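Asks: Model the structure of this input:
(one chain, ligands or ions: 2)
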Amino acid sequence: MTPTLSTHPADPETLAALAVEAIREEALLTPKPGLVDRNGSGGHTDMDVSMLLRSADSLHETFIRLASLSQQDMDAQELRDRVGVLGRIGEATMLDATGGVNTHRGALWTIGLLITAAGRAETEAGIFRRAAALARTSDSAGAPAQSSNGQRAVRAFGVSGAVSEAAAGFPHITQVALPALRAGLRRGDTVELSRQRALVSLIASVDDTCILHRGGRSGLRWMQRAARRTLDGRRFDSALERFAHHADQRRLSPGGSADLLAGAIFVNSLHLPQTDSPVPLLQQVARQEALHADH
Ligand SMILES: CC(C)(COP(=O)(O)OP(=O)(O)OC[C@H]1O[C@@H](n2cnc3c(N)ncnc32)[C@H](O[C@H]2O[C@H](COP(=O)(O)OP(=O)(O)OP(=O)(O)O)[C@@H](O)[C@H]2O)[C@@H]1O)[C@@H](O)C(=O)NCCC(=O)NCCS
Ligand SMILES: Nc1ncnc2[nH]cnc12
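Replies: Numbering: from 1, shown residues only. Ligands and ions are numbered 1, 2, ... in the order given. Presented below is the predicted three-dimensional model:
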């Protein structure tokens, strides 16, 4: 059963359970273009859905420890350094759980920053602001020693990758994924359909270094145009199936968009007020009701 958030500031256990659940829900969402889902391995040869679920579960302890940081007093630099230490332990634990396959490095980065921020922030805007400030603070341990596919793509194509997305306050979550997700739910679409539309909206606009690494600039252009056509077409569900089929065949995988979708699902599950203005009493009551109605 999906965990519920009954108090705020939230307790680390609940936040961690919601974070793991968000990553599991992204993995299970089917169909998805190029990504691992319940239908198969998409454009990948070294992962399947059970590996993704195992990887998500392996991050639970790291998320508890990240969320707990906000309960301790420390300055911004110490907080960033401790997040870095926990993040690297989390990456090693994930790689241990997957036999060395990079399943969720990006998800750990994105949700790791968001969960650290969520331990203290009382609004959604506050979470993104705190997470961005954390991402902009350099880690005293320095940059990761090993050059990644993502870093190579950032250098080769001059795009902004996972680090810049976070430093800018996750604009693709706040301005693309969350609005698409919520518009779908408001229209009465199913949760699954709303998440699929949010994912395809992300694919249409993110400079995803996973796609660039596999397919170069032309691969990214093809994915973004196919995503746009899928959103604009009349039958979203059949267009999505065709998109998924062709992306799988081309082995173009939007791993960055998948991680940002998981981040959006996580933040949405917190049911926090979206802005910093004082929360009207009625809204507080509505939030409590929403939390209880969800489960
Ligand atoms: C700072 C870190 C993020 C590491 O820095 P790095 O520069 O190495 O990061 P990147 O590689 O650039 O990005 C990391 C992952 O972020 C996802 N991503 C890609 N594009 C975007 C984007 N535009 N916005 C947001 N996120 C994005 C992506 O993750 C997914 O892809 C992974 C699979 O990719 P890959 O390894 O290339 O695998 P394959 O395609 O399968 O390879 P082949 O088979 O073809 O060889 C998968 O994990 C998805 O999650 C990027 O990979 C950060 O990690 C770091 O500093 N860590 C240190 C600890 C720390 O401070 N942590 C703090 C928070 S806990
Ligand atoms: N569903 C998925 N398939 C492949 N890589 C991913 N990274 C995060 N989620 C993923």
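
Asks: can you map out the helices along the stretch 151-295 of the chain?
Replies: Secondary structure of the stretch 151-295 of the chain by DSSP state H, counting those that start in this stretch: the helices cover 162-167, 171-172, 178-187, 191-205, 209-232, 236-250, 255-269, 281-294.

Asks: now what about the second one, what contacts it?
Replies: Under the contact criterion C-beta atoms under 8 Å, 6 or more residues apart in numbering, helix 171-172 has outside partners 165, 202, 205-206, 257, 260. Using the backbone N, CA and C atoms, a C-beta is placed for each residue, glycine as well.

Asks: Pick out the residue of the stretch 151-295 of the chain closest to ligand 2.
Replies: Nearest residue of the stretch 151-295 of the chain to ligand 2 (C-beta to the nearest ligand atom) works out as residue 258 at 3.5 Å.

Asks: Can you name the residues that contact that residue?
Replies: 26, 32, 35, 106-107, 199.

Asks: Just the buried residues of those.
Replies: 26, 32, 35, 106-107, 199 (16 or more other C-beta atoms under 10 Å).

Asks: filter these by proximity to ligand 1?
Replies: Counting by C-beta under 6 Å from any ligand atom, 106-107 from the buried ones among the contacts of residue 258 sit close to ligand 1.

Asks: circling back to that earlier point, take the contacts of helix 171-172 and write them to a markdown table, including distance to ligand 1 and neighbour count.
Replies: As requested, the contacts of helix 171-172 are exported to a markdown table (distance: C-beta to the nearest ligand atom, whole Å; neighbours: other C-beta atoms under 10 Å):
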| residue | distance to ligand 1 | neighbour count |
| --- | --- | --- |
| 165 | 4 | 25 |
| 202 | 9 | 24 |
| 205 | 10 | 16 |
| 206 | 5 | 27 |
| 257 | 8 | 32 |
| 260 | 6 | 29 |
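
Asks: Quick one: closest of the helices of the stretch 151-295 of the chain to residue 60.
Replies: Nearest of the helices of the stretch 151-295 of the chain to residue 60, taken as C-beta to C-beta: helix 255-269 at 13.3 Å.

Asks: Tell me where this structure is predicted with low confidence.
Replies: 1-9, 277-295 (pLDDT under 70).

Asks: any idea how far residue 144 is from residue 42?
Replies: 26 Å (C-beta to C-beta, to the nearest Å).

Asks: Between those two, which is the more surrounded one?
Replies: residue 42 (25 against 14; other C-beta atoms under 10 Å).

Asks: Could you look up the SS state of that one?
Replies: Here residue 42 is recorded as coil under DSSP: H, G, I helix; E, B strand; the rest coil.

Asks: what residues are up against it?
Replies: Residue 42 neighbours (C-beta under 8 Å, 6+ apart): 32-36, 244, 247-248, 253.
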